[in-house]
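K.L.:
Here is my input, please return the structure:
(one chain, ligands or ions: 1)
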Amino acid sequence: MEITQFTVGVFRVNTYLLRDEATGKCAIVDTGESDELATRLQSLDPPPDIQMILLTHGHLDHAGGLPYLQAAFDVPTYLPRLEKPLFDTLPQQGDWFNNPAMNCECGRIDHWLDDGDHIQLGDTALRFISTPSHTPGQGCYYDEQDVFVGDTIFAGSVGRTDLPLGNPDLMENSLRKLMTLPHALRVHSGHGRITTLGDELENNSYLQFLREG
Ligand SMILES: [Zn+2]
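P.N.:
This is a model prediction of the structure:
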(Lines give C-alpha, C1' and ligand atoms only; values in the text may rest on other atoms or scores of the structure.)
Protein backbone atom coordinates (compact mmCIF):
# COMPACT_ATOMS: atom_id res chain seq x y z
CA MET A 1 0.00 0.00 0.00
CA GLU A 2 1.29 3.44 -0.96
CA ILE A 3 0.72 6.16 1.61
CA THR A 4 0.76 9.92 1.02
CA GLN A 5 0.43 12.20 4.03
CA PHE A 6 -1.30 15.59 3.82
CA THR A 7 -0.98 17.79 6.90
CA VAL A 8 -3.81 20.32 6.75
CA GLY A 9 -5.74 23.02 8.58
CA VAL A 10 -5.19 25.07 11.71
CA PHE A 11 -4.78 21.92 13.84
CA ARG A 12 -2.06 20.60 11.51
CA VAL A 13 -3.85 17.27 11.36
CA ASN A 14 -2.29 14.43 9.39
CA THR A 15 -4.64 13.02 6.78
CA TYR A 16 -3.70 10.21 4.44
CA LEU A 17 -4.25 8.99 0.91
CA LEU A 18 -3.88 5.20 0.76
CA ARG A 19 -3.38 3.51 -2.60
CA ASP A 20 -3.62 -0.20 -3.22
CA GLU A 21 -0.78 -0.76 -5.66
CA ALA A 22 -2.32 -3.76 -7.45
CA THR A 23 -5.53 -1.99 -8.48
CA GLY A 24 -4.84 1.73 -7.98
CA LYS A 25 -7.88 2.02 -5.73
CA CYS A 26 -7.52 4.70 -3.03
CA ALA A 27 -8.94 5.60 0.36
CA ILE A 28 -8.78 8.84 2.31
CA VAL A 29 -8.16 8.69 6.07
CA ASP A 30 -9.58 11.74 7.92
CA THR A 31 -10.43 15.14 6.50
CA GLY A 32 -9.09 18.24 8.23
CA GLU A 33 -11.69 20.87 9.16
CA SER A 34 -11.76 22.83 5.90
CA ASP A 35 -11.77 22.33 2.13
CA GLU A 36 -7.95 22.20 2.02
CA LEU A 37 -7.63 18.41 1.64
CA ALA A 38 -10.33 18.22 -1.04
CA THR A 39 -8.56 20.97 -3.01
CA ARG A 40 -5.16 19.31 -2.70
CA LEU A 41 -6.53 15.91 -3.76
CA GLN A 42 -8.36 17.45 -6.73
CA SER A 43 -5.12 18.98 -7.97
CA LEU A 44 -3.30 15.62 -8.11
CA ASP A 45 -2.30 14.44 -11.56
CA PRO A 46 -3.19 11.72 -12.38
CA PRO A 47 -6.36 11.98 -10.30
CA PRO A 48 -6.54 9.36 -7.52
CA ASP A 49 -9.19 6.66 -7.90
CA ILE A 50 -10.81 7.37 -4.54
CA GLN A 51 -13.19 4.63 -3.39
CA MET A 52 -13.90 5.48 0.23
CA ILE A 53 -13.37 7.87 3.13
CA LEU A 54 -12.33 6.34 6.46
CA LEU A 55 -12.71 8.43 9.63
CA THR A 56 -10.80 7.58 12.79
CA HIS A 57 -13.03 9.74 15.00
CA GLY A 58 -15.49 12.60 15.10
CA HIS A 59 -13.39 15.60 16.12
CA LEU A 60 -13.65 18.57 13.79
CA ASP A 61 -10.02 18.38 12.64
CA HIS A 62 -10.54 14.74 11.61
CA ALA A 63 -14.14 14.77 10.35
CA GLY A 64 -15.22 18.41 9.90
CA GLY A 65 -14.05 18.62 6.28
CA LEU A 66 -16.23 15.68 5.26
CA PRO A 67 -18.85 17.74 3.36
CA TYR A 68 -16.10 19.27 1.18
CA LEU A 69 -14.59 15.85 0.45
CA GLN A 70 -17.97 14.34 -0.35
CA ALA A 71 -18.73 17.23 -2.70
CA ALA A 72 -15.47 16.47 -4.53
CA PHE A 73 -15.52 12.65 -4.23
CA ASP A 74 -18.97 11.16 -3.71
CA VAL A 75 -17.83 7.89 -2.12
CA PRO A 76 -18.93 5.73 0.83
CA THR A 77 -17.78 7.01 4.19
CA TYR A 78 -16.99 4.92 7.27
CA LEU A 79 -17.13 5.99 10.92
CA PRO A 80 -16.87 3.92 14.12
CA ARG A 81 -20.39 3.28 15.36
CA LEU A 82 -19.55 4.46 18.89
CA GLU A 83 -18.50 7.85 17.50
CA LYS A 84 -22.01 8.88 16.52
CA PRO A 85 -22.69 10.96 19.68
CA LEU A 86 -19.45 12.91 19.15
CA PHE A 87 -19.85 13.20 15.37
CA ASP A 88 -23.29 14.73 15.97
CA THR A 89 -21.63 17.58 17.92
CA LEU A 90 -19.65 18.85 14.90
CA PRO A 91 -21.97 21.88 14.58
CA GLN A 92 -20.86 22.91 18.12
CA GLN A 93 -17.23 21.78 18.32
CA GLY A 94 -15.82 25.14 17.18
CA ASP A 95 -17.39 26.62 20.33
CA TRP A 96 -15.25 24.26 22.44
CA PHE A 97 -12.19 26.10 21.11
CA ASN A 98 -13.86 29.54 21.39
CA ASN A 99 -14.02 29.60 17.62
CA PRO A 100 -17.63 29.33 16.44
CA ALA A 101 -16.45 30.00 12.88
CA MET A 102 -15.09 26.44 12.98
CA ASN A 103 -18.44 24.84 13.74
CA CYS A 104 -18.86 22.29 10.94
CA GLU A 105 -21.71 20.61 9.17
CA CYS A 106 -21.99 16.85 9.58
CA GLY A 107 -21.27 15.00 6.37
CA ARG A 108 -22.95 11.74 5.42
CA ILE A 109 -21.97 8.45 7.07
CA ASP A 110 -22.69 5.32 4.99
CA HIS A 111 -21.09 2.59 7.09
CA TRP A 112 -20.88 2.29 10.88
CA LEU A 113 -17.88 0.23 11.99
CA ASP A 114 -17.64 -2.20 14.88
CA ASP A 115 -14.49 -3.68 16.40
CA GLY A 116 -12.94 -6.31 14.12
CA ASP A 117 -14.69 -5.21 10.92
CA HIS A 118 -12.95 -5.76 7.56
CA ILE A 119 -12.75 -3.26 4.71
CA GLN A 120 -11.49 -4.27 1.28
CA LEU A 121 -9.56 -1.66 -0.72
CA GLY A 122 -8.68 -3.31 -4.03
CA ASP A 123 -6.38 -6.19 -3.06
CA THR A 124 -5.58 -4.65 0.33
CA ALA A 125 -7.46 -6.01 3.33
CA LEU A 126 -7.90 -3.40 6.04
CA ARG A 127 -9.19 -4.13 9.50
CA PHE A 128 -10.74 -1.87 12.09
CA ILE A 129 -9.89 -1.99 15.80
CA SER A 130 -11.83 0.06 18.35
CA THR A 131 -9.61 2.08 20.74
CA PRO A 132 -11.85 4.50 22.67
CA SER A 133 -10.72 7.00 25.36
CA HIS A 134 -9.71 10.20 23.51
CA THR A 135 -13.28 9.93 22.15
CA PRO A 136 -16.14 7.48 22.81
CA GLY A 137 -15.48 5.32 19.77
CA GLN A 138 -12.20 6.25 18.14
CA GLY A 139 -10.57 3.43 16.23
CA CYS A 140 -7.66 2.48 14.02
CA TYR A 141 -7.35 1.01 10.51
CA TYR A 142 -4.51 -1.39 9.75
CA ASP A 143 -3.06 -3.90 7.31
CA GLU A 144 0.11 -6.02 7.66
CA GLN A 145 2.46 -3.02 7.57
CA ASP A 146 0.70 0.15 8.64
CA VAL A 147 -1.77 1.35 11.23
CA PHE A 148 -3.67 4.65 11.09
CA VAL A 149 -4.45 5.57 14.67
CA GLY A 150 -6.02 9.03 14.62
CA ASP A 151 -5.38 10.52 18.06
CA THR A 152 -5.18 7.16 19.88
CA ILE A 153 -1.39 7.44 20.21
CA PHE A 154 1.35 9.82 19.07
CA ALA A 155 5.12 9.47 19.01
CA GLY A 156 5.80 9.87 22.73
CA SER A 157 2.27 10.76 23.78
CA VAL A 158 -1.44 9.91 23.60
CA GLY A 159 -4.60 11.81 22.71
CA ARG A 160 -6.09 14.10 25.37
CA THR A 161 -9.11 12.76 27.23
CA ASP A 162 -10.46 16.02 28.71
CA LEU A 163 -12.66 17.12 25.81
CA PRO A 164 -16.42 16.39 25.94
CA LEU A 165 -17.18 12.64 25.73
CA GLY A 166 -13.53 11.69 26.32
CA ASN A 167 -13.01 9.00 28.95
CA PRO A 168 -9.59 8.57 30.62
CA ASP A 169 -10.72 5.32 32.27
CA LEU A 170 -10.67 3.56 28.88
CA MET A 171 -7.10 4.56 27.99
CA GLU A 172 -5.14 1.64 29.43
CA ASN A 173 -7.42 -0.97 27.95
CA SER A 174 -7.31 0.64 24.49
CA LEU A 175 -3.52 0.96 24.53
CA ARG A 176 -3.17 -2.64 25.70
CA LYS A 177 -5.45 -3.71 22.84
CA LEU A 178 -3.53 -1.66 20.27
CA MET A 179 -0.32 -3.32 21.41
CA THR A 180 -1.72 -6.77 20.58
CA LEU A 181 -1.08 -5.82 16.92
CA PRO A 182 2.35 -6.64 15.42
CA HIS A 183 4.94 -4.31 16.91
CA ALA A 184 6.59 -3.76 13.53
CA LEU A 185 3.52 -1.85 12.30
CA ARG A 186 4.30 1.70 11.22
CA VAL A 187 2.11 4.10 13.17
CA HIS A 188 0.54 7.01 11.26
CA SER A 189 -0.90 9.38 13.84
CA GLY A 190 -3.31 12.28 13.54
CA HIS A 191 -0.59 14.69 14.62
CA GLY A 192 3.20 14.60 14.61
CA ARG A 193 5.67 12.17 13.14
CA ILE A 194 5.55 8.54 12.05
CA THR A 195 6.64 5.88 14.57
CA THR A 196 6.16 2.13 15.14
CA LEU A 197 4.22 0.26 17.79
CA GLY A 198 7.49 -1.30 18.97
CA ASP A 199 9.21 2.09 19.37
CA GLU A 200 6.28 3.38 21.38
CA LEU A 201 6.20 0.29 23.57
CA GLU A 202 9.85 0.95 24.38
CA ASN A 203 9.81 4.73 24.76
CA ASN A 204 6.31 6.14 25.31
CA SER A 205 5.79 6.99 28.99
CA TYR A 206 2.05 6.34 28.65
CA LEU A 207 2.90 2.69 27.93
CA GLN A 208 4.98 2.28 31.09
CA PHE A 209 2.20 0.14 32.61
CA LEU A 210 2.70 -2.41 29.80
CA ARG A 211 6.46 -2.52 30.27
CA GLU A 212 5.95 -3.27 33.95
CA GLY A 213 3.41 -6.00 33.13
ZN1 LIG B 1 -9.15 14.14 18.24
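K.L.:
shaky segments in the protein?
P.N.:
For the chain, applying pLDDT under 70 flags the ranges 213.
K.L.:
who in it is up against the ion?
P.N.:
Counting by Cβ under 5 Å from the ion, the positions of the chain adjacent to the ion are His59, Asp151. C-betas here are computed from N, CA, C, even on glycine.
K.L.:
all helices of the chain, in order?
P.N.:
36-42, 60-63, 66-72, 84-87, 90-96, 171-178, 197-203, 208-212 (DSSP state H).
K.L.:
Let's have those helices in a markdown table, adding mean neighbour count and distance to Val10.
P.N.:
Formatted as a markdown table, those follow (neighbours: other Cβ atoms under 10 Å; distance: least, Cβ to Cβ, whole Å):
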| stretch | mean neighbour count | distance to Val10 |
| --- | --- | --- |
| helix 36-42 | 18 | 10 |
| helix 60-63 | 28 | 8 |
| helix 66-72 | 19 | 15 |
| helix 84-87 | 19 | 19 |
| helix 90-96 | 17 | 11 |
| helix 171-178 | 18 | 26 |
| helix 197-203 | 16 | 26 |
| helix 208-212 | 11 | 32 |
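K.L.:
so which of those comes closest to Phe128?
P.N.:
Of all the helices of the chain, helix 171-178 sits nearest to Phe128, with 12.2 Å by Cβ to Cβ.
K.L.:
Other residues contacting the closest one?
P.N.:
129-133, 140, 147, 149, 152-153, 158, 161, 197, 206-207, 209-210 (Cβ atoms under 8 Å, 6 or more residues apart in numbering).
K.L.:
just stretch 93-107 next, same as before
P.N.:
10, 33, 59-60, 63-67, 69-70, 77, 87-88, 90-92, 163-164.
K.L.:
that older thread, can you list the helices of the chain in JSON lines and add distance to Phe6?
P.N.:
Output for these, formatted as JSON lines (distance: least, Cβ to Cβ, whole Å):
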{"stretch": "helix 36-42", "distance to Phe6": "6"}
{"stretch": "helix 60-63", "distance to Phe6": "13"}
{"stretch": "helix 66-72", "distance to Phe6": "12"}
{"stretch": "helix 84-87", "distance to Phe6": "21"}
{"stretch": "helix 90-96", "distance to Phe6": "20"}
{"stretch": "helix 171-178", "distance to Phe6": "24"}
{"stretch": "helix 197-203", "distance to Phe6": "23"}
{"stretch": "helix 208-212", "distance to Phe6": "32"}
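K.L.:
between those helices, which one is nearest to His191?
P.N.:
The minimum distance between His191 and these falls on helix 60-63, with 8.6 Å, by Cβ to Cβ.
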